[in-house]
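A.B. asks: My questions are about this predicted structure, shown below with the sequence.
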Amino acid sequence: MSGRTSSPALVPTVVRLKLSLLRNGLRQSGGRRAAYVASAVVTLLFAALQLLGLIALRGHDHAVSLVVLLMAVLGLGWAVMPLFFPSGDETLDPTRLVMLPLRPRPLVRALLAASLVGIGPLFTLLMLVGSVVSVAHGAAAWAVGVLAVVLGLLVCVALARAVAAANIRLLTSRKGRDLAVLSGLVVAIGAQAVNFGAQRLGSSGLGQLDPVADVLRWLPPASAIGAVDSVSEGAHGVAAAQLAVSAGALALLVTAWTRSLTRLMTSPDGSTLQAAEPAARERRGAAGLGRLLPGGRTGPVMERSLRYVWRDPKTKAAWVTSLAIGLIVPVLNAVQGTGSIYFACFAAGMLGIQMYNQFGQDTSAFWMVAMTISTPRDAYAELRARALALLLITLPYATLVTVLTTAMLGDWSKLPEALGLSLALLGAMLATGAWTSARFPYSIPQEGYKNVAPGQAGLAWIAIFGGMVAAALLCAPVIAVTIWLHVTEGGEDWTWLLLPGGAAYGAAITLLGLRLAAPRTAARLPEILTAVSRG
C-alpha cells in the first residue's frame, strides 16, 4: 500500500494507540488508577481556577504582561517535560516504531495528533483560552485569538516532541533515568522560584513585568498571545509579525522533529559499540582517585561511597536535592530580606541526612561488605570511611553556603559562630546517622520512584526524624553557649571562639557516634542484610 493511501488512516490509528496505552496502563493496578484520577482531578481543578483568574484579569492595565509570562513559562515546561518525565507518555519514544513501514512525514502528523490527547494538552488549552479572554478586545482580536490558541497549543506539543526525538538516546540511557529521578529537584526549585516571584509581585505590583513581557511577547508560544493584544491595540502589522513568529517556530520544530525521526529510523544504534571506551576512561579516573585517598580499608570504602554518589540514580538524586535545597533556603531568605545568618546551618543539616541509612544504598550487595566485617574494629573502620567520604563534600559545601549567606547579609561579625554551629550540627548528624544506619536500616528500591521498600516506611521515618531530633539535642551545648555569649555583657567579643569550639565539638561527637555504632553494626550484620535486601 502506498504512503499516500495509508497516511490518512495513520492518524486515527496512532490516536487509538495512545488511548489504548493509557487504558492498559490504568488496568495494571488500582493504585496507579487512583493516582491518575487524583492527579487529573487536581490538575483540572487548578486549571479551572487559573482560567477564572485569567478571566478576572480582563481589563487590567498589566494583564498582557502576566499572560505573556505565563505562556513563556508554559512553553518552557513543555520543553523540559520529556527530559524529566520520559515515561509519562510512551509514544514519546519513536524508536518503538522503527520496524514499521512508516514514512516520517505521515508519522509526524499522526504523533502530533496523538500529542493532543491527555491532561497536559487540556491544561494548556485552558490556559491559552484564559489568556486570550484576558487580552482580547474587539471582533478582530477574538478572531486572531482562535488562531493564537491553535498555534500556541501546536507549538507546545511540537516542542515537546522535537526535544524528545532529539534526546531519545539520552532518555533511554542511565543518564536519562538520572534526569527522571531528579525531577523532584526541579519541582522544588521551581516552587521556591514561584514563591519568591509571587512575593515580589505582591509587594511591587504587576507593572514590573512590563520590561520582561516586551521581550517575551516576541518569543513563541507567547508571541501568539502577544498578537491578540496587538490587534486589540490596533497594531495589525505587529500582530501579523508575532503570528508569523509562532507559525515559523512551529514549522522549524516540525522540520527538526522530522529530521530526528528520519535519523532515528534509518541509523543503527551504536551505543554498544562505544561502551568500551567510556569504561576504560572510568577505570583510569578511578585509579587516579584511588591514589589520592588513604590506604588500607579507608580508601576503597571512600571510593565506593563516592561512586554511589556519582553513579547510583537514587543516591545522586538525594545528594543533588540536598545540595540545592541547602543553598536555596538561606540564599532566597537573604535575598528577600527576611534571612538570618543561622539559616546557613540548613545546608549542614540537609547534607548530614546523607549519613542516614548508609547500608540501604548497598541493597543486597551489602553481603560483600558484611563478609569483610568480623569485629567492631572493622565496623568502625567501615563507618569512619563512609563518614570521611561524606565530609569530602559536605565540609567545603557547608562552609561555602555559610560564607555566601554572610556576604549577602553583610553580617561578617557572626560568621565564626554561624560556621561553628554548622560544623557542630554536621558532626551531630554524622553521629546519629551512623547509629541509625545500624539500628534502623531499610531498603531503597532500585526501580521506580519510591525511596523506601513496602513495609519499611516506619523505619525510614524513625531513622530520619528521630535522628534529626537527636542531632538537635546533641547540639544543645553549643547552642546554649552561643545564647549565653549573646546575653552576657561583653560576651559577643568572644563569639569567635565558637568556630574552633564548634569544629572540635562536631569532631568529638562524630567519633563518639562512630564508636557507639560500630559494635551494634558488627552484631547486627544478618539483620541489616535482611532489611536492605527487600527492595
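C.D. replies: In hand now; what should we look at?

A.B. asks: show me the residues around the residue lying closest to residue 67 once chain neighbours are set aside that make contact.
C.D. replies: Leaving aside its sequence neighbours, residue 67 sits nearest to residue 131 (Cβ to Cβ, 6 or more residues apart in numbering; 4.0 Å). Where you see a C-beta, it was placed from the backbone N, CA and C, and this is true even at glycine. Taking Cβ atoms under 8 Å, 6 or more residues apart in numbering as the contact definition, residue 131 lies against 54, 67, 70, 71, 225, 228.

A.B. asks: try residue 102
C.D. replies: 10, 265.

A.B. asks: So that it lines up with my notes, have the first residue be 3 from now on.
C.D. replies: Yes, from this point I'll number from 3; that puts the last item at residue 104.

A.B. asks: what's the pLDDT at the residue nearest to residue 69?
C.D. replies: Residue 133 is assigned 91 on the pLDDT scale.

A.B. asks: Low-confidence bits of the stretch 203-352 of the chain, can you list those?
C.D. replies: 203-210, 269-292 (pLDDT under 70).

A.B. asks: and residue 342, what are its phi and psi?
C.D. replies: Dihedral pair for residue 342: phi -140, psi 150, per degrees, to the nearest 10.

A.B. asks: ok, it touching residue 348?
C.D. replies: No. Taking contacts as Cβ atoms under 8 Å, residue 342 lies outside contact range of residue 348: 10.3 Å.

A.B. asks: Of these two, which one has the most company?
C.D. replies: More crowded of residue 342 and residue 348, by other Cβ atoms under 10 Å: residue 348, with 21 against 15.

A.B. asks: Which strands or helices does the helix or strand harbouring the more buried one pack on?
C.D. replies: Assigned by DSSP states H and E, residue 348 belongs to helix 347-354. For helix 347-354, the packing partners by 3 or more Cβ pairs under 8 Å, 6 or more residues apart in numbering; DSSP states H and E come out as helix 315-337, helix 378-411, helix 417-441, helix 469-476.

A.B. asks: In PDB, list the C-alpha atoms belonging to that helix.
C.D. replies: Extracted as PDB, the C-alpha positions of helix 347-354 are listed here (Å, rounded to 0.1, in the frame of the first residue of the first chain):
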ATOM      1  CA  CYS A 347      23.000  25.700  59.200                       C
ATOM      2  CA  PHE A 348      20.300  24.400  56.900                       C
ATOM      3  CA  ALA A 349      22.900  23.300  54.500                       C
ATOM      4  CA  ALA A 350      24.800  21.200  57.100                       C
ATOM      5  CA  GLY A 351      21.500  19.600  58.200                       C
ATOM      6  CA  MET A 352      20.400  18.700  54.700                       C
ATOM      7  CA  LEU A 353      23.800  17.200  53.800                       C
ATOM      8  CA  GLY A 354      24.100  15.400  57.200                       C
END
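
A.B. asks: okay, the angle between it and helix 315-337?
C.D. replies: 180 degrees (axes from the mean of the first three to the mean of the last three Cα atoms, to 10 degrees).

A.B. asks: Let me know the next secondary structure element after helix 347-354.
C.D. replies: helix 368-372.
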